[in-house]
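Novice: Here is a sequence with its predicted model. Questions after.
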Amino acid sequence: MKTKLALLLLLSVTSYAQEFKASINDLAFMSGTWTMKHEWGDMEEFWGPPMGNSLISSYRCVKDGKVVFYEFVVIEQVENVPVMKLRHFNPGSIGWEDKNSPLEYPLVSLSKNKAVFEAKDKSLRLIYQLTTGNLEVILEEKNKNNGMEKMVFAYKRKK
C-alpha cells in the first residue's frame with residue numbers, strides 16, 4: 001500500500017512539473033529601466049520588451065564613479081518554459097563564468113506580475129515581482145549550512 005501511495009505521489013508531482021508552461025510574453029512586466037542605491041553602489045537594470053521569443057537585460061553597479069561589475073542576461077524560450085541565462089563581468093568585459101556555460105535558471109513559477117527562476121540544483125532562486133510600479137528582485141541563495149539567505153533589491157522605474 002505504501003509503495004502504491006508513493007508511486008501515485010511521484011506521478012502526480014511529475015505530471016505537474018510537465019504541465020507547467022509559460023511564454024516569454026508572460027514576463028513583459030519586467031520590461032523597463034530600473035534603478036536603486038545600494039551599499040554595493042548605484043544599480044541600474046534594463047529589461048527590453050519581449051522580442052524574437054526572448055528578453056534581454058543589462059545591469060551595472062557603479063560605486064564612487066567606477067564600475068564594480070556588469071551582468072548580461074537573456075531569457076529564452078526552451079520548449080514550454082523560459083530559461084534565464086546570466087553572465088557576470090568585471091570592468092573591461094572580463095567574464096566570471098566559463099564562456100560556454102552561462103548560469104541557467106529555468107522559470108519554475110509564474111503568477112500575475114511575479115516570476116520565480118531557480119537553479120536546477122535549487123541552490124539559488126531569483127524572484128522578480130512588480131509592486132505598485134516598482135520592481136523587487138529577491139535573491140535567495142543556499143549558504144554553507146544549507147539554509148537560504150535572502151537579499152531584496154527594491155528598484156524604482158527610471159523616469
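Specialist: Sure, I can see it. Note that this is a predicted model, so its numbers are computed, not measured. Residues are numbered from 1 along each chain as shown.
Novice: Which residue is the nearest non-sequential neighbour of Glu76?
Specialist: Ser54 (4.9 Å; CB to CB, 6 or more residues apart in numbering). Where C-beta positions appear, they are placed from N, C-alpha and C, glycine not excepted.
Novice: before we move on, what about Val78?
Specialist: Pro106 (7.4 Å).
Novice: Averaged pLDDT, the longest strand anywhere in the chain. What do you get?
Specialist: Using DSSP state E to define each element, the chain has its longest strand at strand 66-78. Throughout strand 66-78, pLDDT has a mean value of 97.
Novice: thinking again about what came up before, can you pull up the bridge partners for the residue nearest to Val78?
Specialist: Val83 (DSSP bridges).
Novice: do Gly32 as well
Specialist: Beta-bridge partners of Gly32, as defined by DSSP bridges: Trp47.
Novice: didn't it look like it was pressed against Lys156?
Specialist: No. Using CB atoms under 8 Å, Gly32 makes no contact with Lys156, being 10.1 Å away.
Novice: what residue ranges in this structure score low on pLDDT?
Specialist: Applying pLDDT under 70 to the chain flags residues 1-18.
Novice: all strands of this structure, in order?
Specialist: Using DSSP E, strands in the chain cover 32-38, 41-47, 54-63, 66-78, 81-90, 94-95, 103-111, 114-118, 124-131, 134-142, 148-157.
Novice: So between Gly32 and Lys156, which is more surrounded?
Specialist: Regarding Gly32 and Lys156, a neighbour count based on other CB atoms under 10 Å identifies Gly32 as having more, with 17 against 13.
Novice: Now do the contacts for Lys156.
Specialist: Shown in contact with Lys156 (CB atoms under 8 Å, 6 or more residues apart in numbering): Trp34, Thr35, Met36, Gly133, Asn134.
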